[in-house]
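Colleague: My questions are about this predicted structure, shown below with the sequence.
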Amino acid sequence: MTMFNNKEIKEAEELSNSSNIIGKGTILRGGIETFGNIRVEGKVIGDIITKSKAAFGHSSYIEGNVLAQNAEIAGTVDGKVEVTEMLVLKPSAVINGDIITNKLVIESGASFNGKCQMGVTVKEIKIGEKNSEERPLLKAQS
């Protein structure tokens, strides 16, 4: 059993409290991995992984897979969406890919084209692994 010292706990809290914003009109090519929250209003071509919350606004377009603790989507995602806790699809949301989540809220008008698996436990979200670009998103445990 490993014990965390106060410095490690403080560093983890600081990382998870950070926020990242990809603004409207911005195009980012490449994957994003973060311990903190991320908000996307622009376009991301690549996978997004966060140990916190992902929020995708009306103008957002994601071409890649998403892995997050919580997510709220109002834009378009072309890829798999995996959320360890709660996924909220706003009325303007369009998901073209499979959804794996523990809890799901779909507001009237939202759409997704793919399979949906709910109430599953996924493995821990890992950030900064050496082969993260080659690593597929986490699979659900049975």
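Modeller: Alright, I've got the coordinates.

Colleague: can you count the residues close to the spatially closest residue to residue 115 that is not a sequence neighbour?
Modeller: Closest residue to residue 115 apart from its sequence neighbours, by Cβ to Cβ, 6 or more residues apart in numbering: residue 98 at 4.7 Å. Placement of C-beta: from N, CA and C, glycine included. Residue 98 has 16 neighbours, counted by other Cβ atoms under 10 Å.

Colleague: Could you do residue 45 as well?
Modeller: Neighbour tally, residue 45, other Cβ under 10 Å: 14.

Colleague: Could you do residue 108 as well?
Modeller: If we define neighbours as other Cβ under 10 Å, then residue 108 has 6 of them.

Colleague: can I assume it sits in a strand?
Modeller: No. The assignment for residue 108 is coil, going by DSSP: H, G, I helix; E, B strand; the rest coil, so no strand is present there.

Colleague: thinking again about what came up before, quick check: pLDDT value at the residue nearest to residue 115.
Modeller: Residue 98 carries a pLDDT score of 96 in this model.

Colleague: looking at it, it is touching residue 78, isn't it?
Modeller: No. Using Cβ atoms under 8 Å, residue 98 is not in contact with residue 78; the gap is 11.7 Å.

Colleague: In contact with the residue nearest to residue 115, which residues are there?
Modeller: For residue 98, the contact set (Cβ atoms under 8 Å, 6 or more residues apart in numbering) comprises 80-81, 114-117.

Colleague: Mind giving me the PyMOL select for those, buried ones only?
Modeller: Isolation of the buried members of the contacts of residue 98 (16 or more other Cβ atoms under 10 Å) is achieved in PyMOL through the command below:
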select buried, resi 80+81
